[in-house]
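# only geometry, no sequence info:
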DNA sequence: TTTATTTCGGATAAATTTATCCTATTTATG
DNA sequence: CATAAATAGGATAAATTTATCCGAAATAAA
């Protein structure tokens, strides 16, 4: 569904959010440990999230990654996915055709449309807050 | 969503079906032309579809690929996807966690579940016949 | 102002996916 | 039986994604 980079990015953002509630910044090292991902690769993905204004980075000593508390409920899963994988999962054709719309559809266009609309809707309506609260409450996990 | 191989495989199966209605066998060359895919790579994918009994191949002179007419309405999109990409799109975790179920869910488990169930349902209930008929009727296309 | 800490970013490597090429094998037909 | 036509399959290459490494730049604190 999503690239590995995107999966790491989502989990990283969730972890950062849980720490940001406590006013804490976190390092790529801690993030990678908590979400079970390769550290250097995760750092690269974090840079991308910073550039797309999903999370905030503070350089230098006592730096790290954080998200402003009041932004946690504003950030949607869709923004994170778009920052890393782009929007092909929304706009692309399910069968990979370059041009696929109502006027020139692929044979499965209508079938895929239902699923993709559902996915789009889910991503656009799921906030980082919901996901982070699942972690804080202990009802969900970021690694096995 | 799916790999390129899978996209080609689905389109190839649809094209073969349209030809099989007319009692015609087709070559990888013709398939690749009609679905706009690399020929040799497409041939490899066809082998996989043959091994998974999605389509039938006849070797030697006057050979080619075909699907028995009465099987076209039986083959589901799910079988083709499973033959090429496996079933990770059904059973895997949306965030890539190895273990992710009701007892040990990822933070987005419930959110993903809705979408994936919808996808699974669509793939398991869409037949090759439906898709092939969209091509035969000229209401849909296999390339741009 | 020096030092320790930390993110940034470029270069590179490893792994996987996508794609090509060439030969072997199979089979209908003359 | 010989030949031509076709799929099967192994080896390899190209492209993309995933992952690592290391030095540069920024910043807080001594």
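Here it is on my side, so go on. Predicted model, so just to flag it, every value in this text is computed and none were measured. Numbering: from 1, shown residues only, chains lettered A, B, ... in the order given.
# What are the buried residues along stretch A:35-50?
Residues of stretch A:35-50 classed as buried by neighbour count (16 or more other Cβ atoms under 10 Å in any protein chain shown): A:35, A:37, A:42-43, A:45-46, A:48-49. Just so you know, the C-beta spots here come from the backbone N, C-alpha and C atoms, and that holds for glycine as well.
# Report the rounded mean pLDDT for it.
The average pLDDT within stretch A:35-50 is 98.
# Same question for stretch A:96-110.
97.
# Is any residue of the helix or strand of chain A with the lowest mean pLDDT near chain B?
Among the helical and strand segments of chain A, the one scoring lowest on mean pLDDT, DSSP states H and E is helix A:88-91, with a mean of 89. Yes: with Cβ under 8 Å from any Cβ of the partner chain as the criterion, chain B is reached by helix A:88-91 at residue A:89.
# so the residue of chain A found nearest DNA strand D, which of the three states?
Per Cβ to the nearest atom of the strand, residue A:60 is where chain A lies closest to DNA strand D, at 2.1 Å. Here residue A:60 is coil, with the state taken from DSSP: H, G, I helix; E, B strand; the rest coil.
# residues in contact with it?
Neighbouring residues of residue A:60 by Cβ atoms under 8 Å, 6 or more residues apart in numbering or on different chains: there are none.
# Distance-wise, check residue A:90 relative to residue A:74.
20 Å (Cβ to Cβ, to the nearest Å).
# More neighbours: those two, which one.
residue A:90 (15 against 12; other Cβ atoms under 10 Å in any protein chain shown).
# from memory the more buried one sits against residue A:120, does it?
Yes: look at residue A:90 against residue A:120 with Cβ atoms under 8 Å: they come within range, at 5.2 Å.
# which helices and strands sit right next to the helix or strand encompassing residue A:15?
In the assignment (DSSP states H and E), residue A:15 maps to helix A:4-21. Helices and strands touching helix A:4-21, as assessed by 3 or more Cβ pairs under 8 Å, 6 or more residues apart in numbering or on different chains; DSSP states H and E, comprise helix A:28-35, helix A:39-51, strand A:64-66, helix A:69-72, helix A:77-85, helix A:128-136.
# Could you dump these into JSON lines with distance to DNA strand D added?
Compiled in JSON lines, those are given as follows (distance: least, Cβ to the nearest atom of the strand, whole Å):
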{"stretch": "helix A:28-35", "distance to DNA strand D": "8"}
{"stretch": "helix A:39-51", "distance to DNA strand D": "3"}
{"stretch": "strand A:64-66", "distance to DNA strand D": "11"}
{"stretch": "helix A:69-72", "distance to DNA strand D": "19"}
{"stretch": "helix A:77-85", "distance to DNA strand D": "8"}
{"stretch": "helix A:128-136", "distance to DNA strand D": "20"}
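# next one: stretch A:107-114 to chain centre, how far?
In this view, stretch A:107-114 has its centroid 25 Å away from the chain centroid, taken as Cα atoms, centre = their mean, to the nearest Å.
# List the buried residues for it?
A:107-109, A:111-112.
# try stretch A:128-144
In stretch A:128-144, counting by 16+ other Cβ under 10 Å, buried: A:128-135, A:140-143.
# Widest-spaced pair of these?
A:129 and A:143 (20.6 Å; Cβ to Cβ).
# Skipping adjacent residues, who's closest to residue A:31 in space?
residue A:12 (5.1 Å; Cβ to Cβ, 6 or more residues apart in numbering or on different chains).
# Residue A:23 versus the one you found, what's the distance?
In terms of Cβ to Cβ, residue A:12 sits 18 Å off from residue A:23.
# Show which residue of chain A lies farthest from the average position.
residue A:103 (32.4 Å; Cα atoms, centre = their mean).
# Now do that one against residue A:88, distance only.
Following Cβ to Cβ, the distance that separates residue A:103 from residue A:88 is 20 Å.
# With residue A:36 instead?
26 Å.
# which parts of chain A sit against chain B?
A:1-2, A:4, A:7-8, A:10-11, A:14, A:77, A:89, A:94-99, A:104-109, A:111-112, A:114-115, A:118-119, A:122, A:126, A:131-132, A:134-135, A:139-144.
# how about 7 Å then?
By Cβ under 7 Å from any Cβ of the partner chain, the residues of chain A that approach chain B are A:1, A:4, A:7, A:10-11, A:14, A:89, A:94-99, A:104-109, A:111, A:114-115, A:118-119, A:122, A:126, A:131, A:134-135, A:140-144.
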